[in-house]
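>>> 3D, please:
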Amino acid sequence: MMRILALVTDAFGAGGGIARYNQDLLSALAQSGRVSDITVLPRFAAGTPSTPAKVRQLRPSPDRSSWIARSISLAVRQRFDVIFCGHLNALPLAALIARLRRSFLWAQVHGIEAWQPRGAAWREGLATAALVTSVSRHTRQKLLAWADVAPHRVRVLPNTIDPIYQPRPADPKLKASLGLAGKRVILTVGRLSASERYKGHDRIIEALPEVLGQVPDAMYVIVGSGDDQPRLAELARETGVADRVIFAGQVPGRELPDYFAIADVFAMPSTGEGFGIVFLEAAASGLPVIGGNRDGSLDALADGAIGRAVDPDSREELVAALTQALTGRAPRQTDAVRRFAFSSFAEHVDQLVRILGR
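I've put the predicted structure just below:
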């Protein structure tokens, strides 16, 4: 029976893609009969969240020095069979602890943080890892291009999807509150961060005039917040579509299914997604989905089985995909999403634990 120390940026009680991935992974580990207990030390968290049986999440330490000191103290005072490193930035610390305590090192990589070469401490840490999991084939390929790690030790463990995302009727009150009654809606859900402009909000805004030429009642709803919103709002004004772009702001996770329900298509023509769980959420909600063909989105789109992959830099391709979806000519692939069910994810995690135990 394994005892695991998970060093993560955030997990239970936090939002965002990495936090949700960690929550799912830790929950799946807790279901494994090969795991006895899991201690989680996050950098960030909110309140005192509930956790699954076998999982004990400690209070967060936003201060990096404090987090490092607590990580080392935990490893010195307690025995752990596995040190799980939830983000590449913490790998040198996790590798040091694993080496000193003679524990297995399990490293997780997500997206752009693993796409460019890192220094010697990261190369050495990856070389000692018993297991590295990547959310997508794209990230795995990028990592292997520079890391000193045997390819057979780098496994793809894609995201899983919450069962709350299912087709449901549109809420007329929500549509009315957003001024969408009688409109056809393009939806994007994602942070509006200047550091994450790769998500492609601006590409959709720039494509809107041509889309409106074929679908005059089209609207673009953006769910999310961040420091890039003023730039996007100005771009909408310059493009002449400010009255067709709605910034809905940050939406609680429990309310997201209602936003998928009022949309006609989900689009995020990204160039930098590690995976893109939101594509699965949209598809499971019954929407046609459009993503980019240059990053981990291809794994979420299942190479076209779940959604349409376009060249993010081809406005012609994007306009064609959007108009096809808005006019009801794009397929909706809810069945194909089942491969990402939590039951499959948990089974995959259990197999990885078995590999560690050999």
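
>>> helices along the stretch 1-150 of the chain, start to end?
Under the criterion DSSP state H, counting those that start in this stretch, the stretch 1-150 of the chain contains helices at 17-31, 64-77, 91-101, 120-128, 137-144.

>>> would you turn those helices into a markdown table with mean pLDDT?
A markdown table is the format used below for the helices of the stretch 1-150 of the chain (pLDDT from 0 to 100):
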| stretch | mean pLDDT |
| --- | --- |
| helix 17-31 | 94 |
| helix 64-77 | 96 |
| helix 91-101 | 96 |
| helix 120-128 | 96 |
| helix 137-144 | 95 |
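
>>> and Gln229, its phi and psi?
phi -60, psi -40 (degrees, to the nearest 10).

>>> about what we covered before: wait, which of the helices of the stretch 1-150 of the chain is closest to Leu301?
Of all these, the one in closest proximity to Leu301, counting by C-beta to C-beta, is helix 137-144 (11.5 Å). Using the backbone N, CA and C atoms, a C-beta is placed for each residue, glycine as well.

>>> quote the end-to-end distance of stretch 299-314.
End-to-end distance of stretch 299-314 (C-alpha to C-alpha, to the nearest Å): 20 Å.

>>> re earlier: and Ser343, which of the helices of the stretch 1-150 of the chain is closest to it?
helix 17-31 (9.6 Å).

>>> from Ala6, how far out is Arg294?
According to C-beta to C-beta, to the nearest Å, Arg294 and Ala6 sit 31 Å apart.

>>> looking at these two, which is more packed in?
Neighbour count, other C-beta atoms under 10 Å: between Arg294 and Ala6, Ala6 has more, with 25 against 19.

>>> the more buried one: what's it in contact with?
In this structure, Ala6 makes contact with 22, 26, 38-41, 84, 86, judged by C-beta atoms under 8 Å, 6 or more residues apart in numbering.

>>> now do Ala207
With C-beta under 8 Å, 6+ apart, Ala207 has these contacts: 315, 318-319, 322.

>>> buried ones in stretch 315-332?
315, 317-326, 330, 332 (16 or more other C-beta atoms under 10 Å).

>>> next one: Arg338 from Asp10, what distance?
Arg338 is 28 Å from Asp10, by C-beta to C-beta.

>>> comparing those two, which residue is more hemmed in?
Counted by other C-beta under 10 Å, Arg338 and Asp10 do not tie: Asp10 has more neighbours, with 22 against 11.

>>> run through who's touching stretch 298-314.
With C-beta under 8 Å, 6+ apart, stretch 298-314 has contacts from 135-138, 156, 158-159, 200, 203, 266, 269-271, 273, 275-277, 279-280, 282-283, 288-294, 297, 317-318, 321, 330, 333, 336-337, 339.

>>> doesn't Ala282 make contact with Ile161?
No - counting by C-beta atoms under 8 Å, Ile161 stays clear of Ala282, with 10.2 Å between them.

>>> more neighbours, the two?
Using other C-beta under 10 Å, the more surrounded residue of Ile161 and Ala282 is Ala282, with 32 against 22.

>>> quote the end-to-end distance of stretch 131-142.
17 Å.

>>> so where is this protein shaky, pLDDT-wise?
47, 331-334, 357-358 (pLDDT under 70).

>>> domains in it, as residue ranges please.
If you go by automatic domain parsing, the domain ranges for the chain are 2-160+341-356, 172-337.

>>> before we move on, back to that, need the helices of the stretch 1-150 of the chain in CSV (columns: mean neighbour count and distance to Ala150).
Listed next are the helices of the stretch 1-150 of the chain as CSV, based on neighbours: other C-beta atoms under 10 Å; distance: least, C-beta to C-beta, whole Å:
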stretch, mean neighbour count, distance to Ala150
helix 17-31, 22, 22
helix 64-77, 14, 25
helix 91-101, 20, 16
helix 120-128, 17, 9
helix 137-144, 20, 9
